[in-house]
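Asker: Fold the following.
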Amino acid sequence: MMSRLRWIMLSLLAVILVLFVLSNPARLTLALEPLPWQVEMPVYLLVIASLAIGWLCGAVLTWLHGGATRQALRHGRRTIRQMEERLATAEKALHDEQARAAEQSPPAVSGQIEPRPGRTFDPGGDPA
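Answerer: Residues are numbered from 1 along each chain as shown. Below is the predicted model:
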């Protein structure tokens with residue numbers, strides 16, 4: 001949908017641009033007063049060049065203005081990468097410590113209660 005809309009808008013802009021060029025064929029002389037140079041060009045070329053230079057200046061200023069945001073994003077990504085590395089190191093150390101503790105611990109209890117020697121256990125009554 002957006003692709004069609006983009007093509008429609010670009011086509012409309014191209015038609016307007018062609019109509020503008022065809023309706024402004026007159027030539028004019030552009031002179032910057034203290035300088036000795038003069039340039040003769042069609043009106044449409046001056047207007048289109050002015051728009052292009054304005055767009056380019058706006059794009060450069062926008063890019064420069066976003067520098068602080070891009071720097072903050074780079075710093076955040078660097079911090080995240082460092083924290084992920086520290087987390088991976090800590091998880092490895094924890095895993096190694098758990099493996100070491102499992103090797104040193106006594107075997108696990110079977111889960112049944114063993115009566116003390118010399119005593120009997122009657123679940124329904126008193127111990128003897």
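
Asker: Provide the backbone phi and psi angles at residue 29.
Answerer: phi -110, psi 120 (degrees, to the nearest 10).

Asker: Run through the bridge partners of it.
Answerer: Beta-bridge partners recorded for residue 29 (DSSP bridges): residue 40.

Asker: show me the contacts for it.
Answerer: Residues near residue 29 by Cβ atoms under 8 Å, 6 or more residues apart in numbering: 38, 39, 40. Quick note: C-beta positions are derived from backbone N, CA and C, even for glycine.

Asker: quick one: which of those residues is most hemmed in?
Answerer: Across these, neighbour numbers were computed from other Cβ atoms under 10 Å; residue 39 holds the maximum, 11 neighbours.

Asker: which residue packs closest to that residue, ignoring adjacent ones?
Answerer: Closest residue to residue 39 apart from its sequence neighbours, by Cβ to Cβ, 6 or more residues apart in numbering: residue 30 at 4.7 Å.

Asker: if I look at the one you found, how far off is residue 23?
Answerer: Per Cβ to Cβ, to the nearest Å, residue 30 is found 20 Å from residue 23.

Asker: which stretches of this structure have low pLDDT?
Answerer: Scanning the chain for pLDDT under 70 picks out 105-128.
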